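Participant: Okay, sequence plus prediction incoming.
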Amino acid sequence: MKNLYVISGVTGMTGNELARQLVRRGDAVIGFDNFFASSIDTIRDVLESERMEFYEADVNDDAWMRNLEEKVSGLRAPCDRIVYINCAAVVHTEHFYHVNRTFETNVLGMKSFLEQAIRVGADSYINCSTSEVYSMQSWKEGGVAEEDFLLLATAEHSQRTSYATGKLLTEFFLKDAVDSGKIRGCSLRFANVYSKNELLAKHVIPHVITSLMESGRVTLLENSKVNKRTFLHNIDSCAAVLAVADTDAALDGTVYNVATEQEVSMLELVELCGRVIGIEKPEILFEGYRESDPVRRVLSARKLKERTGWEPRISLEEGIRMCVEYRRETEGR
């Protein structure tokens, strides 16, 4: 019978594109989301598919999770393969500083979802983590690799580290489960993923595009005068998730960086967005400063490429153009 993928946070940036790619290739999806930072609109194009089953629910709702477990358990026998993918996460920067909020969803929710996957006999569990775990050590020549030591900020220096340490803890939960022979799986550390249908302009790319389309100018943090980043389109990041899920040798409990090597400064990013929109010289204002914000964040994705053959396909300019065109189509700009 068909493969079944159970996805938490399915309307979020990673979950919605995963559902789309899976449905298109003929797999079945059970997805749920509480709409914390997204909406049903992100999966509307696949909702009518017989392969897609969606529920509005919270990963920390015990009653709902029991119902989900019963449902998936009933499908164990007829399914060739069952894969759990954890995409539920408190990810926007403004929430990084809320320790309880990030702990409840990112840690407790992930652990509950993992334990359910083990109980129903799922074949594998993919844990979506984050490059935030690299914290202040997020760049070196050739990119930071998974085996490099981490250098986190102290609680006194930056409470946003609570987000990073929580996601790091999920990686240990997953590794322990794999090492104990309970399930197969791995964790993925994504670096600066963006999407055309991100609902809220909290990340830098949707913020820049929204600001430029509305006023022709954009306000950035003072950090942006020197900061550089790499950006990965969620079509490519989700292809990486499926690449590890489909590669038995990758389900070893370890961590895989998911990133591109196309680095740009924040100022170059604004110029690129402006050029795509049709603004020759966008006005940039600077206001505010973020503590413990790495100047550069460059990760090595060599391990992922060598293990699975994955490569990013969408250039930054192409991805920005997709974002702008989507906004124009949906908002009539």
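Facilitator: That came in fine, so what should we check first? Numbering: from 1, shown residues only.

Participant: I figured A191 hits R297, correct?
Facilitator: Yes - between A191 and R297 there is a contact under Cβ atoms under 8 Å: 6.1 Å. For glycine as for every other residue, the C-beta is placed from the backbone atoms N, C-alpha and C.

Participant: which residues are in contact with both of the two?
Facilitator: 131, 230 (Cβ atoms under 8 Å, 6 or more residues apart in numbering).

Participant: Was I right to think Y256 contacts G185?
Facilitator: No - using Cβ under 8 Å, Y256 is not in contact with G185, being 11.2 Å away.

Participant: Show me which of those two is the more surrounded one.
Facilitator: Set Y256 next to G185 and count neighbours by other Cβ atoms under 10 Å: G185 wins out with 28 against 25.

Participant: part of a strand, is Y256?
Facilitator: Yes - counting by DSSP: H, G, I helix; E, B strand; the rest coil, Y256 falls inside a strand.

Participant: E283 versus V178, what's the distance?
Facilitator: From V178 over to E283 the distance is 51 Å, taken as Cβ to Cβ, to the nearest Å.

Participant: One more: D252?
Facilitator: D252 is 49 Å from E283, by Cβ to Cβ.

Participant: which SS class is G181?
Facilitator: G181 - assigned by three-state DSSP - is coil.

Participant: Flag the shaky bits of the stretch 1-150 of the chain, pLDDT-wise.
Facilitator: Scanning the stretch 1-150 of the chain for pLDDT under 70 picks out 1, 90-97.

Participant: helices or strands next to the helix or strand hosting T165 in the packing?
Facilitator: Element membership for T165 (DSSP states H and E) is helix 161-179. Counting by 3 or more Cβ pairs under 8 Å, 6 or more residues apart in numbering; DSSP states H and E, the packing neighbours recorded for helix 161-179 are helix 99-102, helix 110-119, strand 124-130, strand 184-190, strand 252-258.

Participant: For L22, which of these is the nearest?
Facilitator: The closest of the helices and strands packed on helix 161-179 to L22 is strand 124-130. By Cβ to Cβ, the value is 12.1 Å.

Participant: what sits up against that closest one?
Facilitator: Counting by Cβ under 8 Å, 6+ apart, 14, 81, 83-87, 89, 91, 110, 113-114, 117-118, 163-164, 167-168, 170-171, 173-174, 177, 183-190, 241, 244-245, 251, 255 sit against strand 124-130.

Participant: filter these to the buried ones?
Facilitator: 14, 83-87, 89, 91, 110, 113-114, 117, 163-164, 167-168, 170-171, 173-174, 177, 183-190, 241, 244-245, 251, 255 (16 or more other Cβ atoms under 10 Å).

Participant: check contacts around the closest residue to F190 other than its chain neighbours.
Facilitator: Of all residues not flanking F190 in the chain, V258 sits nearest, at 4.9 Å (Cβ to Cβ, 6 or more residues apart in numbering). Residues near V258 by Cβ under 8 Å, 6+ apart: 188-191, 193, 232, 237, 240, 299, 301, 304.

Participant: which one among those gets closest to V144?
Facilitator: Using Cβ to Cβ, those come closest to V144 at L299, 5.3 Å.

Participant: can you pull the contacts of the closest one?
Facilitator: By Cβ under 8 Å, 6+ apart, the neighbours of L299 are 131, 134, 138, 143-145, 189, 191, 230, 257-259.

Participant: Neighbours of V226, how many?
Facilitator: So V226, with other Cβ under 10 Å, has 12 neighbours.

Participant: wait, isn't it in contact with D293?
Facilitator: No - using Cβ under 8 Å, V226 is not in contact with D293; the gap is 9.9 Å.

Participant: Tell me which residues of stretch 320-333 come out buried.
Facilitator: Those would be 320-324, 327, for stretch 320-333 by 16+ other Cβ under 10 Å.

Participant: Dump those into JSON lines; add distance to N127, secondary structure and pLDDT as well.
Facilitator: Output for the buried residues of stretch 320-333, formatted as JSON lines (distance: Cβ to Cβ, whole Å; DSSP: H, G, I helix; E, B strand; the rest coil; pLDDT from 0 to 100):
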{"residue": "I320", "distance to N127": "29", "secondary structure": "helix", "pLDDT": "97"}
{"residue": "R321", "distance to N127": "32", "secondary structure": "helix", "pLDDT": "97"}
{"residue": "M322", "distance to N127": "27", "secondary structure": "helix", "pLDDT": "96"}
{"residue": "C323", "distance to N127": "27", "secondary structure": "helix", "pLDDT": "95"}
{"residue": "V324", "distance to N127": "32", "secondary structure": "helix", "pLDDT": "95"}
{"residue": "R327", "distance to N127": "31", "secondary structure": "helix", "pLDDT": "88"}
